[in-house]
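Visitor: Structure here, sequence nowhere to be found:
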């Protein structure tokens, strides 16, 4: 006789398997949300368009609450984390590490852009759009030279504008790069104070940091439901047919991101002598959360915990590298912007010269540093990249429709890059928290 397991026992067993495994909950949420989203899409014929829009707004609610909670405490968390990281290092160590970190981020961003250029010219994703009629070209070629001159003239002004003249305004408007630079300046200034004077400030920042982490722990309870709702709402709005129509372009972007991930792991092995597969097994929770939320800022607290507890990175290293990386190190976004810019140029039938490619590269490096670590931040900055190269921005309407999908992949790469930077800089400047959790290759 076949033994039938009661449904209650199955539910209890499933709950026991999922308990404590955030990454598994996220996967379940993604799968269930994708199934519901396809079902709720008006093209499926199951529900009406008005009902689909109404239910999608409600499905978005848990995700929006999660993102609002995280964004609410993101500025004080970045402020206090960077200061804690700075004051935990000696002044000499800070100068050396800060300079190396900036050079490292520029180096990896340049690699990402190079990969984007190569895959774009090899596979030419915009050529298919152009052959089918392309986008209307309103004299875009004539704009390129003028825009290039204007952009190069504005570089000194853009550099001076990196330092905010009103830090409070930067905080209110969410200008993350200005906040990071202001915080670094304040953190360095604190290290110049006498110990007795600095101690109350340091304790205050530590208390604020812990309060922010408590709020984040509350928000993390919503993650599986947020993922379920965001995926379901996304697919109910854009539909599978839209994704299929741009599959080739999406595939080129994902291929470029995968190549970048492989380069990351090679860098990890060469510089930190660390087993890449062991590293990936330890960071999967942060990667899945990044994939589901498409916000590296939202994943920052979890990335810090993963770096400290699972990768054995010293807190003084992760407290500095993760917040700075979440605001500056946007390699996945830079690659996406490069591929998309060249895709748009190909779709408009615009021939880009070597000077145009150089201009796009410089603009993307600068723009990726200032890209907001929030969903859709890459597209917001992409408009300025297209304008700098004289490429019409009208086609961004199409990109916006699928940006959420691509944002998931590029954010996972961004977070992975930050965690790899943590391991490498811990190898150079830090001591592990006790016994190293991440084994090192000898």
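Guide: Now that the structure is in, tell me what you want to look at. Please read these numbers as outputs of a predicted model, since none were measured by experiment.
Visitor: by contact count, what packs against the longest helix belonging to the chain?
Guide: When the chain is parsed with DSSP state H, its longest helix is helix 49-87. On a contact count with 3 or more C-beta pairs under 8 Å, 6 or more residues apart in numbering; DSSP states H and E, helix 49-87 meets helix 22-40, helix 176-191, helix 195-220, helix 223-245, helix 276-293, helix 296-309, helix 315-328. To be clear about C-beta, it is placed using only N, CA and C from the backbone, and glycine gets the same treatment.
Visitor: Which parts of the helix or strand just after that helix count as buried, going by neighbours?
Guide: The helix or strand immediately downstream of helix 49-87 is helix 91-123, counting by DSSP states H and E. Buried residues in helix 91-123, counted by 16 or more other C-beta atoms under 10 Å: 94, 97-98, 101, 104-105, 108-109, 111-113, 115-117, 119-120, 123.
Visitor: now do stretch 46-62
Guide: 47, 52, 55, 56, 59, 60, 62.
Visitor: out of those, who's nearest residue 279?
Guide: Nearest to residue 279 among the buried residues of stretch 46-62: residue 62, at 30.9 Å, using C-beta to C-beta.
Visitor: I'd say that closest one and residue 225 touch.
Guide: Yes: contact criterion C-beta atoms under 8 Å: residue 62 and residue 225 qualify, at 4.3 Å.
Visitor: any idea which helix or strand of the chain has the worst average confidence?
Guide: helix 140-153 (a mean of 42; mean pLDDT, DSSP states H and E).
Visitor: before we move on, the earlier item: buried deepest among the helices and strands packed on helix 49-87, which one?
Guide: helix 315-328 (a mean of 26; mean count of other C-beta atoms under 10 Å).
Visitor: Run through the neighbouring helices and strands of it.
Guide: By 3+ C-beta pairs under 8 Å, 6+ apart, helix 315-328 packs against helix 49-87, helix 91-123, helix 176-191, helix 296-309, helix 396-429.
Visitor: repeat that with 10 Å
Guide: Judged by 3 or more C-beta pairs under 10 Å, 6 or more residues apart in numbering; DSSP states H and E, the packing partners of helix 315-328 are helix 49-87, helix 91-123, helix 176-191, helix 296-309, helix 354-369, helix 396-429.
Visitor: what about stretch 83-98, how long is it end to end?
Guide: 13 Å (C-alpha to C-alpha, to the nearest Å).
Visitor: what does stretch 40-57 give?
Guide: 12 Å.
Visitor: repeat for stretch 189-199
Guide: 13 Å.
Visitor: got it, and stretch 43-56?
Guide: Termini of stretch 43-56 sit 14 Å apart (C-alpha to C-alpha).
Visitor: One more: stretch 41-56?
Guide: Where stretch 41-56 begins and where it ends lie 9 Å apart, using C-alpha to C-alpha.
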